[in-house]
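1. this one's sequence-less:
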């Protein structure tokens, strides 16, 4: 509980570093093993192997979406309840959240395996790519419960004020994956199936670690069997707050599907493989920002609940500065070394290297402003304003991006498809800037109201 008290009293800079660095390390290692995964597949199987994983990616995003719906939604509520000093209510949310994650994991596995082939065709798999994507996704879906429980409940650890323990969850899974990946892919000659098997084994290890934390008496919040009984008001609140990242991931899945089908039209399997490589590099750059978001969320949520609005604003400001520094650094690297980055995946496939290098430079053209948009969208989620967070998240990926994806390639072909992302980022950042400015004004007004009440309270 001492860590929770520090959320409302420790210096913001040190606090954000304390919470963000472990999350950043965990997310970076997570991104690293996903990136290495595709490098291994690219070098062992080739272009079609990368394309197979890329086509499977929308389904993996759906699994992540449900993990975020419950995990992040419950985490925001837990942080706010702890800030209000309501431990029993926080434990109720914890129990409901855990039970929901189990239900979701089992349901996704069953439905995904039943409709596997239609899903992959819908998401852009050609006849040449389908066998690779099917081999990969069958194993991933079979182990979906490990991802939902491991990722979802790891957020609960962070809400308690234990970022290092949450970081270890990520490190355990990532380190294990990096070790066994080449064994399965090369040593056992399993190709994409080996990559998938290494992934779910690693996710299972992370899930076991998280469960041991809560059931082993290490957590500040206790798990009670009575709290597994779903309470409609709690479930609604979890879903309401978690709906923003959930819909963002679902939108991302839909966009990947639309992208894949357009890529197939304008560039074939090589274009899909190129997008898979570009996506891996982009995620590697953005993962630290998601780590900053994870670190900032309990700080913002706790202090918002405690009505310490100056601390809320300071946390947001520092988070935006950190995220922007990361995106500017990533932008410089991708400008200077595009061919070298793509070559890690493409080996000696010059056609793939050329197509992906050009796409990378266009796709990340306005990368420096993305950090601001991601962090500010996360702010509304952290303070329990799901409608605001949902709109801002969807503005970038649905309201702007999908129409641009459909229209622009008709005039500019594959280049127009790559250019859709930066154009959408510009429009979404403008909207986000307006909304966050209005929100900061409201915080200032609330601060004045609270200050004016203090003399009255003291007189009484």
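-> It's in. The shown structure was predicted, so the numbers you read here are calculated from the model rather than taken from an experiment.
2. what's the pLDDT at residue 362?
-> On the pLDDT scale, residue 362 is placed at 94.
3. 21 is where my numbering starts, stick with that
-> Done: numbering now begins at 21, and the last item shifts to residue 382.
4. name the helices or strands packed onto the helix or strand containing it?
-> Using DSSP states H and E, the element containing residue 382 is helix 370-383. If contacts are counted by 3 or more C-beta pairs under 8 Å, 6 or more residues apart in numbering; DSSP states H and E, helix 370-383 sits against helix 288-325, helix 329-356, helix 358-366, helix 421-479. C-beta: built from backbone N, CA, C; applies to glycine.
5. who's in contact with the residue nearest the centre of the chain?
-> In the chain, the centroid-proximal residue (C-alpha atoms, centre = their mean) is residue 310; its distance is 6.4 Å. Listed by C-beta atoms under 8 Å, 6 or more residues apart in numbering, the contact partners of residue 310 are 43, 47, 394.
6. and the next helix or strand past the worst-scoring helix or strand of the chain on mean pLDDT?
-> In the chain, no helix or strand scores lower on mean pLDDT, DSSP states H and E than helix 22-26, which sits at a mean of 61. The C-terminal neighbour of helix 22-26 among helices and strands, as given by DSSP H and E, is helix 32-64.
7. the closest residue to residue 272 other than its chain neighbours: how many residues sit nearby?
-> Spatial nearest neighbour of residue 272, chain neighbours left out: residue 81 (5.3 Å); criterion: C-beta to C-beta, 6 or more residues apart in numbering. Residues lying near residue 81 (other C-beta atoms under 10 Å) number 20.
8. same check, this time on residue 425
-> Around residue 425 sit 21 other residues, with neighbours defined as other C-beta under 10 Å.
9. just residue 435 next, same as before
-> With other C-beta under 10 Å as criterion, residue 435 counts 14.
10. circling back: in TSV: the contacts of residue 310, plus neighbour count and distance to residue 96.
-> As requested, the contacts of residue 310 are arranged in TSV below (neighbours: other C-beta atoms under 10 Å; distance: C-beta to C-beta, whole Å):
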residue	neighbour count	distance to residue 96
43	26	15
47	25	18
394	24	16
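11. residue 268: which of the residues you listed is nearest?
-> residue 394 (9.7 Å; C-beta to C-beta).
12. give me the local confidence score for that closest one.
-> Value for residue 394, per-residue pLDDT: 88.
13. not counting its neighbours along the chain, what's nearest it?
-> Nearest non-adjacent residue to residue 394 (C-beta to C-beta, 6+ apart): residue 309, at 5.4 Å.
14. how about residue 291?
-> residue 283 (4.0 Å).
15. quick one, what contacts the one you found?
-> Applying C-beta under 8 Å, 6+ apart to residue 283 gives the contacts 144, 291, 292, 294, 295, 434, 437.
16. tell me which two of these sit farthest apart.
-> Taking C-beta to C-beta, no two of the contacts of residue 283 sit farther apart than 144 and 434, at 14.5 Å.
17. neighbour count winner among these two?
-> residue 144 (25 against 19).
18. isn't that one up against residue 281?
-> Yes - Residue 144 is within contact range of residue 281, at 4.7 Å (criterion: C-beta atoms under 8 Å).
19. circling back to that earlier point, name the residues of the helix holding residue 382 that are buried.
-> Neighbour counts over helix 370-383 (16 or more other C-beta atoms under 10 Å) mark 372, 373, 375, 376, 377, 378, 379, 380, 382, 383 as buried.
20. host element of residue 283?
-> helix 252-286.
21. give me the angle between that helix and helix 421-479.
-> 150 degrees (axes from the mean of the first three to the mean of the last three C-alpha atoms, to 10 degrees).
22. now helix 252-286: how far from the chain's centre is it?
-> 11 Å (C-alpha atoms, centre = their mean, to the nearest Å).
23. for stretch 283-301, same thing?
-> With C-alpha atoms, centre = their mean, you get 21 Å for stretch 283-301.
24. list the buried residues in that stretch.
-> For stretch 283-301, by 16+ other C-beta under 10 Å, it's 283-284, 286-287, 289-301.
25. and the average pLDDT for it is what?
-> 89.
26. please apply the same query to stretch 217-231.
-> Here the average pLDDT along stretch 217-231 is 90.
27. might you calculate how far that stretch sits from the centre of the chain?
-> With C-alpha atoms, centre = their mean, you get 18 Å for stretch 217-231.
28. that one: which residues count as buried?
-> Buried, per 16+ other C-beta under 10 Å, within stretch 217-231: 217-227, 229-230.
29. also stretch 445-455?
-> Here stretch 445-455 shows 445, 448, 449, 451, 452, 455 as buried, counting by 16+ other C-beta under 10 Å.
30. ok, now stretch 304-313?
-> Result for stretch 304-313 [16+ other C-beta under 10 Å]: buried residues 304, 305, 306, 307, 308, 309, 310, 311, 312, 313.
31. swap in stretch 416-432?
-> Quick answer for stretch 416-432 (16+ other C-beta under 10 Å): 416, 417, 418, 420, 421, 422, 424, 425, 428, 429.
32. in TSV, list those residues along with pLDDT and distance to residue 254.
-> Shown next, in TSV, are the buried residues of stretch 416-432 (pLDDT from 0 to 100; distance: C-beta to C-beta, whole Å):
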residue	pLDDT	distance to residue 254
416	74	30
417	73	28
418	78	28
420	88	34
421	87	33
422	87	33
424	91	39
425	89	37
428	92	43
429	90	45
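33. any chance of a markdown table for those residues, columns distance to residue 90?
-> Compiled in a markdown table, these are given as follows (distance: C-beta to C-beta, whole Å):
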| residue | distance to residue 90 |
| --- | --- |
| 416 | 23 |
| 417 | 20 |
| 418 | 22 |
| 420 | 28 |
| 421 | 26 |
| 422 | 26 |
| 424 | 31 |
| 425 | 29 |
| 428 | 35 |
| 429 | 36 |
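34. and which of those is nearest residue 318?
-> residue 416 (24.2 Å).
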